[in-house]
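Student: here you go, sequence then predicted model.
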Amino acid sequence: MPELPEVETIRRQLQKNMVGKTIKVVEVQYPKVVHGMSTADFVRAMHGRKVREVGRQGKLILIRLEGNETLVVHLKMTGRLLLQSARHPEPRRDSRGEGSLYHGMSKRLPRSLRSLAMTDYSVNKSTEVIFTFTNGSILRYDDLRRFGYMKVVPTSEEAKVVQKEQLGIDFFDRVLTVQKFKELIRARGGSQIKPLLLDQSLIAGVGNIYAQEACFMAKIHPLRKVSSLNDAELNALYRALQTIMKKAIVYGGTTADDYRDAYGKEGKFAVHLKVYGRQGKPCLRCKGKLIKSSIGGRGTVFCPKCQK
Ligand SMILES: [Zn+2]
């Protein structure tokens with residue numbers, strides 16, 4: 001499931017490639033993906049609209065359009081927003097089985113579009129919506145498990161959607177200072193720290209991977225009761241989340257299962273993970289054995305020796 005760094009990676013790529021572009025055609029292949037209105041109304045609502053900016057709150061992507069409406073996209077478990085420079089047929093493989101018809105073509109494209117030319121153009125059975133822009137470029141929404149959705153709301157009512165999704169303050173929202181972070185966490189003194197970090201209604205964006213990594217970096221046992229954490233420990237936890245998630249954005253997020261960015265590429269942060277997926281392996285700090293247990297129904301890896 002994408003977490004803040006993955007969704008932010010996608011947001012930045014959409015912001016870079018879609019702003020100023022006008023939607024020409026919308027094809028909905030899976031009508032249930034559209035919430036709150038009929039497919040026909042959705043297609044009409046999107047037609048001729050220019051993209052103003054792309055925002056994010058927690059794991060929600062907010063594509064703001066001219067005319068003060070916002071296309072809200074929730075990727076849920078397996079949703080993917082994929083950019084393509086133009087609609088092409090399936091790339092043909094050459095005789096060496098590598099590269100494609102578009103390799104040569106991509107060299108002639110401006111640098112900013114080259115990565116787009118390398119994406120897989122094929123629309124497949126998980127493709128739910130295809131937006132074609134007036135310049136021929138495409139944004140496709142694929143969702144293998146079909147849990148994601150999109151809906152159109154007045155931009156002034158984005159907050160209502162956020163509220164309905166029960167999303168708290170985004171971890172990278174400027175108002176979430178270390179003081180505010182500690183205040184929010186301490187208000188739930190009876191909770192265990194790691195499940196609390198996953199609670200999107202308190203702080204939005206931190207998911208299972210980065211919560212584990214942050215607890216390890218801050219040397220905090222994931223089962224610690226919040227009321228037992230002192231000021232220094234909470235400061236360390238806040239710093240750890242900041243450091244890890246900022247670095248993860250630089251690396252385009254983590255592909256642990258099927259996450260792909262808007263260019264169809266895997267995130268490259270997985271090699272920097274210290275505990276996630278490393279159960280049974282030596283702790284990188286103390287060489288003790290990392291263990292995995294289920295905490296709040298989610299697999300959690302930690303070092304019982306140096307996370308107290
Ligand atoms: Zn250790």
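Tutor: Received it, and whenever you're ready, just let me know what you need.

Student: please point out which parts of stretch 198-206 sit buried.
Tutor: Within stretch 198-206, the residues that count as buried by 16 or more other C-beta atoms under 10 Å are L198, D199, Q200, L202, I203, A204, G205, V206. (C-beta placed from N, C-alpha, C; glycine too.)

Student: and stretch 184-191, by the same measure?
Tutor: Going by neighbour count (16+ other C-beta under 10 Å), the buried part of stretch 184-191 is L184, I185, S191.

Student: take the residues you listed and lay them out in TSV including distance to the ion.
Tutor: As requested, those are arranged in TSV below (distance: C-beta to the ion, whole Å):
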residue	distance to the ion
L184	28
I185	24
S191	24
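
Student: I'd like those residues as a markdown table, with pLDDT appended.
Tutor: What follows is the buried residues of stretch 184-191, written out as a markdown table (pLDDT from 0 to 100):
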| residue | pLDDT |
| --- | --- |
| L184 | 98 |
| I185 | 98 |
| S191 | 97 |
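
Student: residue boundaries of the strands in the stretch 151-300 of the chain?
Tutor: Chain-ordered strands for the stretch 151-300 of the chain, with DSSP state E, counting those that start in this stretch as the definition, fall at 169-170, 203-204, 291-295, 298-302.

Student: can I get the third one as CSV, trimmed to CA atoms?
Tutor: So that's strand 291-295. Coordinates of the C-alpha atoms in strand 291-295 are reproduced here as CSV (Å, rounded to 0.1, in the frame of the first residue of the first chain):
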residue,chain,number,x,y,z
ILE,A,291,12.1,-10.4,15.2
LYS,A,292,8.7,-10.0,13.6
SER,A,293,5.5,-10.0,15.5
SER,A,294,1.9,-9.0,14.7
ILE,A,295,1.1,-5.7,16.3
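
Student: quick check: mean pLDDT of that strand?
Tutor: Regarding strand 291-295, the rounded mean pLDDT is 96.

Student: and the closest residue to A270 other than its chain neighbours, what does it touch?
Tutor: Once flanking residues are discounted, A270 sits nearest to T254: 5.1 Å by C-beta to C-beta, 6 or more residues apart in numbering. When contacts are counted by C-beta atoms under 8 Å, 6 or more residues apart in numbering, T254 is found next to E3, P5, E6, I209, A248, G267, F269, A270, L273, Y276.

Student: go on, G252?
Tutor: When the contact criterion is C-beta under 8 Å, 6+ apart, the partners of G252 are T9, D261, K265, E266, G267, K268, F269.

Student: okay, now the third one: neighbour count?
Tutor: This means K265. Using other C-beta atoms under 10 Å, K265 has 17 other residues around it.

Student: what's the residue of the stretch 51-200 of the chain found nearest the ion in contact with, if anything?
Tutor: Distances between the stretch 51-200 of the chain and the ion by C-beta to the ion are smallest at K194, namely 16.3 Å. Contact criterion C-beta under 8 Å, 6+ apart gives A211, Q212, C215, P222, L223, I295, G296, T300 as the residues in contact with K194.

Student: mind giving me the domain split of the chain?
Tutor: Structural domains assigned to the chain are 4-164, 169-302, following automatic domain parsing.

Student: of the contacts of G252, closest to the ion?
Tutor: Out of the contacts of G252, the member with the shortest distance to the ion (by C-beta to the ion) is F269, at 20.8 Å.
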